[in-house]
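Asker: Predicted model and sequence below, questions to follow.
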Amino acid sequence: METAPVVDQRPLHVRIADEVRRRITSGELKSGTWLPSEKDLQEQYGASRTTTRNALKTLVHEGLITSVAARGYYVREHAPLVYYASRIPQPARSSEAAPDAWMTQVVEQRRRPGQQLEVFVCDSPADVAAALGLEEGARVLARRQVRLVDGEPFALSTAYFPYELVKDTLIAQPQDLQPGPQSVLAQLGYEAARIVDVDYARPPTPQETEILRLTAGIAVLCQRRTFYTHNGHPFRCTVGIWPGDRFVVQYELPSDGN
């Protein structure tokens, strides 16, 4: 007895998206390659214009392709940066203008690092206030860096400090610090004895989408890193925003031998 062939009952736009996705992930359609035109795809799959566009929209939201007005769709370049998240910043950076950990990691991967710094005073976000043991809305000083790779915005890093603690220090100045903020804080008696990371994914905010030039469908990984003194007092909270399509995050943990 012959077995009847299995018929794919899924909507046509889903099947079209699957086929184009397969061609991208297999390497058949490489980064920068232009996809066939909407008209060509309609003819290839016997699909309507609406069905074809729905398939392409799916791939845009997945971050696999990019739409260019009046030109069509091309396969997005995927060259993620490996971020070694367990490389903890040292309390004091060299006073000889040594690059920070971000710069070092980017250079090690033969990419070109850069940053745009903004220093401002603001009301503390709820999660930052909780991490620093402050009342929600308490004033904090923020140092926000747009991290650049090869001249393009790649990630965000915002370090928050209790305002009264750092208002009269170099941390409040709109300039790169050599040595870094940890050295300034150590001179005030705030040395990092413990660091706690909280990592989670979420959709980007409109501001993050604009600054980082994110395409539709890209989630971001957030890292909230809080620094504590020997007596358990939190004094710095740094929030990193990493677009999900641009990073591979790697941790190295010591083994207990088991």
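Answerer: Looks like it arrived, so ask away. Numbering: from 1, shown residues only.
Asker: Do a quick rundown of the helices in the protein.
Answerer: 12-25, 38-45, 49-61, 101-108, 126-132, 163-166, 181-187, 206-212 (DSSP state H).
Asker: Turn those helices into CSV, including mean pLDDT and mean neighbour count.
Answerer: Placement of C-beta: from N, CA and C, glycine included. Converted to CSV, those look like this (pLDDT from 0 to 100; neighbours: other CB atoms under 10 Å):
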stretch, mean pLDDT, mean neighbour count
helix 12-25, 93, 17
helix 38-45, 94, 15
helix 49-61, 92, 18
helix 101-108, 88, 16
helix 126-132, 97, 18
helix 163-166, 97, 17
helix 181-187, 91, 18
helix 206-212, 94, 14
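Asker: Save the ones you listed as CSV, and put in distance to V248 too.
Answerer: Listed next are those as CSV, based on distance: least, CB to CB, whole Å:
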stretch, distance to V248
helix 12-25, 16
helix 38-45, 32
helix 49-61, 21
helix 101-108, 12
helix 126-132, 25
helix 163-166, 33
helix 181-187, 26
helix 206-212, 17
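Asker: just checking, T33 touches E77?
Answerer: No. Contact criterion CB atoms under 8 Å: T33 and E77 do not qualify, at 10.4 Å.
Asker: which of those two has more neighbours?
Answerer: Between T33 and E77, T33 has the larger neighbour count (other CB atoms under 10 Å), namely 13 against 10.
Asker: Could I get the phi/psi values of that one?
Answerer: When read as degrees, to the nearest 10, the backbone of T33 gives phi -70, psi 130.
Asker: what do you get for D176?
Answerer: Per-residue torsions, D176: phi -70, psi 140 (degrees, to the nearest 10).
Asker: quick one: pLDDT of it?
Answerer: Listed pLDDT for D176 reads 86.
Asker: just use 239 as the starting number from now, easier for me
Answerer: Sounds good: first residue 239 from here, last item D414.
Asker: Which residue comes closest to it once chain neighbours are left out?
Answerer: L355 (6.3 Å; CB to CB, 6 or more residues apart in numbering).
Asker: Please apply the same query to L452.
Answerer: Using CB to CB, 6+ apart and skipping the chain neighbours, the partner closest in space to L452 is P442 (5.5 Å).
Asker: wouldn't the one you found be in contact with D483 here?
Answerer: No. Assessed by CB under 8 Å, P442 is found out of contact with D483, at 11.5 Å.
Asker: Could you pull out the residues contacting both of these two?
Answerer: I456 (CB atoms under 8 Å, 6 or more residues apart in numbering).
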